[in-house]
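Trainee: next comes the sequence, and after it the predicted model I'd like to discuss.
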Amino acid sequence: MRKPKTKKAAATKRKAQPEPAHVDPVMARRAHAYRDMEPHVCDLARAAELAMEVFDRPDLFLFAVTQLDAMTQRFRTRYYAVEFPGDN
C-alpha cells in the first residue's frame, strides 16, 4: 500500500513539471503542410518504384511513366495552389 504524500511533496512535484514548449507559428504551419503532403509524396515514390520495376517491358513502362507524369503534375498544381494562391 502506498504512503500518502505530504502537502509539501505534492506541491514540489507540481512545480517540477516543465512548461510547454513555445512553438513558432511559421514552423507549426510548415510542419502541418509537410504532414498533409506526406501521403501524396509517398504515392509519387511508389509510382516511380513501379515504373522502375517494369522498365524492361516497353508497353507497361510507357504507361507507368505517363501515370507518374500525371500524378506529378497534379501534385505540382495542388502544391502551388495552396502555397502561392495568387500566382497561378
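Mentor: Arrived safely.

Trainee: buried residues, whichever helix in the chain runs longest. List them.
Mentor: If you go by DSSP state H, the chain has its longest helix at helix 25-53. Neighbour counts over helix 25-53 (16 or more other C-beta atoms under 10 Å) mark 47, 50-51 as buried. Using the backbone N, CA and C atoms, a C-beta is placed for each residue, glycine as well.

Trainee: beyond that helix, next helix or strand please.
Mentor: Next in sequence after helix 25-53, counting helices and strands by DSSP states H and E, comes helix 58-83.

Trainee: how many degrees apart are the longest helix of the chain and helix 58-83 in direction?
Mentor: With axes from the mean of the first three to the mean of the last three C-alpha atoms, to 10 degrees defining the directions, helix 25-53 sits at 170 degrees from helix 58-83.

Trainee: now stretch 69-87: buried residues?
Mentor: Residues of stretch 69-87 classed as buried: M71 (neighbour count, 16+ other C-beta under 10 Å).

Trainee: thanks a lot, catch you later.
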